[in-house]
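>>> return a 3D structure for these sequence lines:
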Amino acid sequence: MTAELKDRNTFNMQQVPIDKLGIEAKQRLKQSGWRFGHLTAVRRGAQMSMECLLLNTNDGNGVILSAEMATDVRAYPSLTPTIPAAHWAERAVGDMFGLRASGHPRWKSIVLHDNVWPTDLTPLWPDAGTTREPYVFFKVKGEGIHEIPVGPIHAGIIEPGHFRFSCLGEIITNLEIRLGYQHRGIERQLSEMPWQQAHVLAESASSDTAAGNALAHALAIEQLLGITPPARATALRMLALELERLANHVGDMGAMSGDIGYSPAAALFPPHRGAVLACCQLLSGTRRQRYYILPGGVARDLDDGRRQEMLLGMAALAQRLQSHIPLIFEHAGVLERMSGTGRLAPALAKDFGIVGPAGRASGSRYDVRTAFPLADASTFSPAHRDSGDVLARAQIRADEIESSLHIIQHLLENLPQSAIITRLPDALPADRTGIGIVEAWRGELIHWVTTDAGGAVCRYAIKDPSFNNWTGLAIAIRGNLVADFPLCNKSFNLSYSGNDL
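Residues are numbered from 1 along each chain as shown. Down below sits the predicted model:
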């Protein structure tokens with residue numbers, strides 16, 4: 001049984017005993033439409049609580065299960081054995097707060113790779129402890145098994161991450177992904193800096209998702225404050241989000257083609273991405289749409305001249321893509337290379353909470369744009385496939401390119417007339433929680449902000465879609481050839497920095 005706390009916002013808070021947290025969460029998740037959102041620890045004064053965010057996709061609502069921990073207790077029963085999607089979140093709490101998930105099946109550090117915290121990367125909980133347990137890679141045993149270590153420094157211009165392949169000949173039997181090299185202490189900085197300036201750092205969590213992170217931050221702050229942005233600002237935000245999605249999906253179509261040596265598509269798609277980024281600049285003033293989405297609205301309006309230029313640019317792009325996308329999906333060699341490669345079974349995708357195009361390629365129907373819509377989403381239907389392979393993930397991108405083009409055109413043609421920003425109060429309310437959920441181009445992105453009794457931010461948690469999906473990549477590559485990994489990896493195209501924070 002749970003004790004209902006005061007309803008702080010649409011995400012009701014419920015207090016549960018720490019030893020019942022996993023049981024209560026699992027009971028909720030058995031109900032249709034409920035999914036695991038995130039898990040973190042929150043410090044309010046001297047009190048530490050474990051908090052679990054569960055989302056109800058049926059009605060765009062949810063619940064936060066909060067379990068207080070005794071001051072002399074540094075362990076709690078792990079949720080992972082019954083909720084596999086919680087496994088990385090529990091490891092992150094272990095690193096950042098020194099709290100151990102007892103019974104976790106693969107307990108180890110997820111952030112720090114040395115045995116002592118550097119002085120400039122102290123954990124979120126000051127007395128969490130400075131030593132870490134030695135990191136031990138998973139060992140696959142058997143005759144003929146050998147390991148191939150790759151990274152963290154790579155040949156291309158990509159972020160650092162270590163991949164440990166256990167192989168039988170050329171067949172991958174297991175992949176362990178070790179990240180954390182990009183840890184910058186963003187969550188702690190967001191809880192310490194003036195909240196009025198925090199949007200600049202929040203949108204930097206992953207630079208290729210600036211609009212998505214800025215929007216999730218803005219929604220969380222607005223929920224805290226109990227304000228609603230003007231209608232025109234909401235439409236312009238949606239426009240920025242879809243432009244970001246379109247630019248990255250178009251870029252990925254070319255990148256996947258390049259990874260299999262299909263030169264025509266690899267050469268054709270980068271200029272299309274450039275055309276989308278040019279429209280991003282028309283809208284926001286920058287190609288990556290930085291400093292545009294703010295709590296309360298947006299930084300600048302869209303005049304009719306730039307609006308017409310964007311409409312013309314999108315129409316021309318749609319015409320080019322209509323002829324170039326079939327070059328990929330009607331090519332027998334491309335289909336043979338992608339079909340069946342890197343398959344992620346729908347059951348495993350569901351268990352580990354895989355989100356975005358990767359999840360919808362493996363049977364999921366979940367899309368934040370319909371579950372937690374910013375505006376009427378009755379005319380939008382998320383793309384989905386069931387095969388879960390590289391081809392399905394490419395097809396999802398193609399479908400979303402088409403839907404984004406339609407959404408962008410509709411928004412440009414039907415911009416409401418209103419102000420573009422609402423004035424914010426001078427202070428955040430005390431003892432409140434604000435949660436911003438956005439369908440970023442990789443999938444579900446969550447910014448979770450909690451204030452203390454004085455109205456200061458006591459916890460700022462970010463759950464990037466990559467935090468879910470790196471596990472999906474590790475599962476999908478099993479049983480494939482070593483040579484399949486670059487293509488499989490690109491079909492997920494995950495963020496290192498968004499995961500590491």
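
>>> so which residues of the stretch 201-350 of the chain form strands?
Using DSSP state E, counting those that start in this stretch, the strands of the stretch 201-350 of the chain run over 293-294, 297-298.

>>> who are the contact partners of I446?
G37, H38, L53, A216, I435, G436, I437, A461, I462, K463 (Cβ atoms under 8 Å, 6 or more residues apart in numbering). Glycine gets a C-beta too; all of them are placed from N, C-alpha and C.

>>> the same query, at a cut-off of 10 Å, please.
By Cβ atoms under 10 Å, 6 or more residues apart in numbering, the residues touching I446 are 37-38, 53, 55, 216, 219-220, 368, 435-438, 440, 461-465, 467.

>>> equivalent analysis for L175, please.
L175 touches 138, 148, 150, 163-167, 473-478, 480, 485, 488-489, counting by Cβ under 10 Å, 6+ apart.

>>> for L327, same thing?
With contact set as Cβ under 10 Å, 6+ apart, L327 has these partners: M253, S257, Y262, P264, A265, L268, F269, V334.

>>> buried subset of these, written for ChimeraX?
In ChimeraX, a selection of the buried entries from the contacts of L327 looks like this (16 or more other Cβ atoms under 10 Å):
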select :253,257,262,265,268,269,334
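
>>> G356 and Y366 touch, don't they?
Yes. Taking contacts as Cβ atoms under 10 Å, G356 lies within contact range of Y366: 8.9 Å.

>>> now the end-to-end length of stretch 96-104.
16 Å (Cα to Cα, to the nearest Å).

>>> how about it: buried residues?
M96, F97, G98, L99, R100, A101, H104.

>>> just the ones of these in helices?
M96, F97 (DSSP state H).

>>> coming back round to it: name the nearest of the contacts of L327 relative to R307.
F269 (25.7 Å; Cβ to Cβ).

>>> per-residue pLDDT, the closest one?
Here, the pLDDT recorded for F269 equals 96.

>>> residues contacting it?
Per Cβ under 10 Å, 6+ apart, neighbours of F269: 249-258, 320-321, 324-325, 327-328.

>>> next one: it from R320, what distance?
10 Å (Cβ to Cβ, to the nearest Å).

>>> mind listing the helices for the stretch 401-501 of the chain?
Ranges of helices in the stretch 401-501 of the chain, per DSSP state H, counting those that start in this stretch, are 465-476, 485-492, 496-500.

>>> any idea which residue of the chain is furthest from its center?
E143 (38.8 Å; Cα atoms, centre = their mean).

>>> could you chop this protein up by domain?
Domains of the chain are assigned by automatic domain parsing as 3-121, 186-500.

>>> low-confidence ranges in the stretch 151-300 of the chain?
For the stretch 151-300 of the chain, applying pLDDT under 70 flags no range at all.

>>> show me the helices in it, by range?
186-192, 198-202, 210-225, 231-259, 263-284.

>>> same check, this time on the stretch 1-150 of the chain
21-29, 87-97.

>>> now do stretch 212-225: distance to the chain's middle.
15 Å (Cα atoms, centre = their mean, to the nearest Å).

>>> my error: substitute stretch 17-28 in the last question.
Worked out by Cα atoms, centre = their mean, stretch 17-28 lies 24 Å from the chain centre.

>>> give me the residues contacting it.
The contact list for stretch 17-28, computed with Cβ under 10 Å, 6+ apart, reads 1-3, 14, 16, 34-36, 39, 49-56, 62-63, 65-70, 73, 75-83, 86, 101, 103.

>>> looking at the helices of the stretch 151-300 of the chain, which one is packed in the most?
helix 210-225 (a mean of 26; mean count of other Cβ atoms under 10 Å).

>>> what angle separates it from helix 263-284?
40 degrees (axes from the mean of the first three to the mean of the last three Cα atoms, to 10 degrees).

>>> shaky segments in this protein?
Ranges of the chain meeting pLDDT under 70: 1-9, 114-133.

>>> end to end on stretch 404-424, go ahead and measure it.
31 Å.

>>> list the buried residues of that stretch.
404-405, 407-412, 415, 420-422, 424.

>>> which parts of the stretch 351-500 of the chain are strands?
433-440, 443-451, 457-463.

>>> next, the buried residues of the last one.
So the one you mean is strand 457-463. V457, C458, R459, Y460, A461, I462, K463.

>>> name every strand pairing with that strand and say which way it goes.
If you go by DSSP bridges, strand 457-463 pairs up with strand 443-451 (antiparallel).

>>> thought P84 was touching G472?
No. If you go by Cβ under 10 Å, P84 and G472 don't touch, sitting 11.3 Å apart.

>>> what residues are shared contacts of the two?
L348, F352, G353.

>>> which one of those residues is nearest H113?
Lowest distance from H113 to these (Cβ to Cβ) belongs to F352, with 23.4 Å.

>>> please give me every residue in contact with that closest one.
Contacts of F352 (Cβ under 10 Å, 6+ apart): 36, 83-88, 344, 359, 468-472, 474-475.

>>> change it to 6 Å
P84, A85, T471 (Cβ atoms under 6 Å, 6 or more residues apart in numbering).

>>> pull up the gap between the second one and D259, please.
Relative to D259, A85 is positioned 28 Å away (criterion: Cβ to Cβ).

>>> can you check the first one too?
For P84, the distance to D259 (Cβ to Cβ) stands at 29 Å.

>>> then L112?
On the measure of Cβ to Cβ, L112 and D259 end up 32 Å apart.

>>> got the helices of the stretch 1-150 of the chain as a markdown table, with distance to R44 columns?
Compiled in a markdown table, the helices of the stretch 1-150 of the chain are given as follows (distance: least, Cβ to Cβ, whole Å):
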| stretch | distance to R44 |
| --- | --- |
| helix 21-29 | 17 |
| helix 87-97 | 13 |
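
>>> ok, the nearest residue to I158 once chain neighbours are set aside - how many residues close by?
Excluding the flanking residues, the one nearest I158 by Cβ to Cβ, 6 or more residues apart in numbering is Y496, at 7.8 Å. Neighbourhood size, Y496 [other Cβ atoms under 10 Å]: 21.

>>> isn't Y496 right up against Q182?
Yes. With contact defined as Cβ atoms under 6 Å, Y496 reaches Q182; the gap is 5.2 Å.

>>> shared neighbours of the two, which are they?
With Cβ under 6 Å, 6+ apart as the test, Y496 and Q182 both reach E159.

>>> picking up where we left off before, and the helices of the stretch 1-150 of the chain, which is most packed in?
helix 87-97 (a mean of 23).

>>> chain center to that helix, what's the gap?
Distance, centroid of helix 87-97 to centroid of chain: 17 Å (Cα atoms, centre = their mean).

>>> next, the angle helix 465-476 makes with it.
Calculated by the same axes, to 10 degrees, helix 87-97 forms an angle of 130 degrees with helix 465-476.

>>> helices and strands around helix 87-97, which ones?
When contacts are defined as 3 or more Cβ pairs under 6 Å, 6 or more residues apart in numbering; DSSP states H and E, helix 87-97 sits against strand 34-44.

>>> run the chain-centre distance for the strand it packs on.
15 Å.

>>> same question for stretch 423-439.
That offset, for stretch 423-439, works out to 20 Å (Cα atoms, centre = their mean).

>>> can you check stretch 462-475 too?
Worked out by Cα atoms, centre = their mean, stretch 462-475 lies 8 Å from the chain centre.

>>> now do the contacts for L282.
Going by Cβ under 6 Å, 6+ apart, the list of residues near L282 reads R306, E309, M310.

>>> would CSV of these with neighbour count and distance to D389 be doable?
Formatted as CSV, these follow (neighbours: other Cβ atoms under 10 Å; distance: Cβ to Cβ, whole Å):
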residue, neighbour count, distance to D389
R306, 16, 41
E309, 14, 39
M310, 22, 35
